[in-house]
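Participant: Here is my input, please return the structure:
(one chain, ligands or ions: 2)
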Amino acid sequence: MAQIIDGKKMSAKILEQVSVDVDEFKERYGITPGLAVVLVGEDPASQVYVRNKVRRATEVGIRSFEHRLAANVSQEKLDSIVDELNRNPEVHGILVQLPLPANLDEDKIVDAIDPKKDVDGFHSLNVAALATGKPGLVPCTPQGGMTMLQETLGDLTGKHAVVIGRSNIVGKPMAALLLQANCTVTMVHSRTRDIAMLCRQADIVIAAVGSPKLVTAEWIKPGATVIDVGINAISVEGARKLVGDVDFATVEAVAGAITPVPGGVGPMTIANLMQNTLKAARLQQPD
Ligand SMILES: NC(=O)C1=CN([C@@H]2O[C@H](COP(=O)(O)OP(=O)(O)OC[C@H]3O[C@@H](n4cnc5c(N)ncnc54)[C@H](OP(=O)(O)O)[C@@H]3O)[C@@H](O)[C@H]2O)C=CC1
Ligand SMILES: Nc1nc(=O)c2c([nH]1)NC[C@@H]1CN(c3ccc(C(=O)N[C@@H](CCC(=O)O)C(=O)O)cc3)C=[N+]21
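Facilitator: Ligands and ions are numbered 1, 2, ... in the order given. A predicted model of the protein is given here:
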C-alpha cells in the first residue's frame, strides 16, 4: 500500500507560512498584497476554483479583486481590463483563468500581463526565465508537484521522471523543474509510442493529461512515486465525482507514494498562488 501524499495538509502548512509572511510584509511596507482574478464565461468548474482562490486569499490576508466577464467579451475589453490591472498599484498579482473562449487570443492576453504581476508564471519572459534557470515567477501547479516530491523523496538527483502531457501550463514547466532538480526527464504525449513501457521505467510519474483513470497499475514500477495532476469530473450513478488521470484504486497497490484527487495537487496549486502573489508584491517594492 502506497503512502498517500496529503496535499491538503501540505498546502495548509504553506498557507500558514504565507500568512505570517504577509503580516511581515504589511508591517514593513504598509501595503496589503492584492490578487486580481479574471474569469471569462460561466464554466462551473472555473467558478469553483475562482471561489476557492478568493477564499484562500482572504484567509492569508491577501486582498482579492474579482472580474467576471461574459463569455462574449471582446478582446479589446479584456485587453483594457488587463491594462488597468497592470497600472493599479493595489494589484500585485493578475490571474486570467484559462482556457478562454475560442474568440479570444490566449497568448496575447497572457503576454499583456506585467511579468512582475504574472502569478501564474505563464508570460513568455517567465517561461524563458524558467527554461534558462533564472529567477522569475514559477507556475503554481508544477511547483506544487515539486514540493510534494521533495517532501516525500528528499533530493531528486538521478531519478528518472516521466511526465505525461506537454501543455504549456503543466507538462512543460513540470519537466523544466524536474530537470533543474537533476532528474532524468522523459516527456510523453498523445503521439508517444508505448507509454506504458516508458512509464514502467520511471521512479517518478507525473500525470497531467485530462483523461480519467488513464494510468493503471501495469504502467507503474513497484515503489514509484505518482503525482496525479488530473482533475476530471465524472458522473458515478448520477452524482458528480472528481477523479484524477490515475486509476487510484489499482495504482495505490503498487506505487510507493501517490497523491489523491481531490486533496492532492489541487490545493497545492492554490497555496502556491498565494505564495506567488506575495513574491510578486515583493518584486514590485523599490528595495
Ligand atoms: N491540479 C491542478 O491544480 C490543475 C489540474 N489540471 C488538470 O490537469 C490535466 C491536464 O491539464 P492541461 O495540461 O491543461 O491539459 P491539456 O489538454 O492542455 O494537455 C493535455 C496533454 O495530455 C496529452 N494527452 C492527451 N491524451 C493523451 C493520451 N491518451 N496519452 C498520453 N498523452 C495524452 C496531450 O498530448 P498532445 O500534446 O499530443 O495533444 C497534451 O499534451 C487536466 O485534467 C486539468 O484539469 C490543470 C491545471 C491545474
Ligand atoms: N490561469 C489559470 N491558472 C490556473 O492555475 C488554472 C487555470 N487558469 N485554469 C484551471 C486550472 C485548474 N486549477 C485548479 C486549481 C485548484 C484545484 C483544486 O483546489 N481542487 C480541489 C477540489 C476542488 C473541487 O471540489 O472542485 C482538489 O483537488 O482537492 C483544482 C484545479 C487551476 N487552474
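
Participant: For whatever residue of the chain ends up closest to ligand 2, which residues are in contact?
Facilitator: Relative to ligand 2, the nearest point of the chain is Gly266 (2.3 Å; Cβ to the nearest ligand atom). Every C-beta, even on glycine, is put in place using the N, C-alpha and C of the backbone. The contact partners of Gly266, by Cβ atoms under 8 Å, 6 or more residues apart in numbering, come to Gly7, Ile231.

Participant: From the chain's centroid, how far away is whichever strand or helix holds it?
Facilitator: Counting by DSSP states H and E, the element that carries Gly266 is helix 265-283. Offset of helix 265-283 from its chain centre (Cα atoms, centre = their mean, to the nearest Å): 9 Å.

Participant: Got the domain ranges for the protein?
Facilitator: The chain breaks down by automatic domain parsing into domains covering 30-117, 140-266.

Participant: Looking at those, which is nearest to Leu278?
Facilitator: Closest approach to Leu278 among the domains of the chain is made by domain 30-117 (5.5 Å; Cβ to Cβ).

Participant: tell me the mean pLDDT over the closest one?
Facilitator: Per-region confidence: domain 30-117 scores 96 on mean pLDDT.

Participant: I figured Glu42 hits Val73, correct?
Facilitator: No: the pair Glu42 / Val73 is not scored as a contact, 12.0 Å apart, by Cβ atoms under 8 Å.

Participant: neighbour count winner among these two?
Facilitator: Neighbour totals were compared for Glu42 and Val73, and Val73 leads with 19 against 10 (other Cβ atoms under 10 Å).

Participant: need the contact list for that one.
Facilitator: Val73 neighbours (Cβ under 8 Å, 6+ apart): Val40, Leu104.

Participant: Let's see that with 7 Å instead.
Facilitator: Contacts for Val73 (Cβ atoms under 7 Å, 6 or more residues apart in numbering) come out as Val40.

Participant: what do you get for Pro267?
Facilitator: Gly7, Lys8, Ser11.

Participant: Among those residues, name the buried ones.
Facilitator: Buried members of the contacts of Pro267, counted by 16 or more other Cβ atoms under 10 Å: Gly7, Ser11.

Participant: Take the contacts of Pro267 and keep only those in helices.
Facilitator: Of the positions in the contacts of Pro267, Gly7, Lys8, Ser11 sit in helices, assigned by DSSP state H.

Participant: ok, the residue lying closest to Val60 once chain neighbours are set aside to ligand 1 distance?
Facilitator: In space, and not counting its chain neighbours, Val60 is closest to Ser19: 4.3 Å by Cβ to Cβ, 6 or more residues apart in numbering. Remark: distance between Ser19 and ligand 1 (Cβ to the nearest ligand atom, to the nearest Å) = 21 Å.
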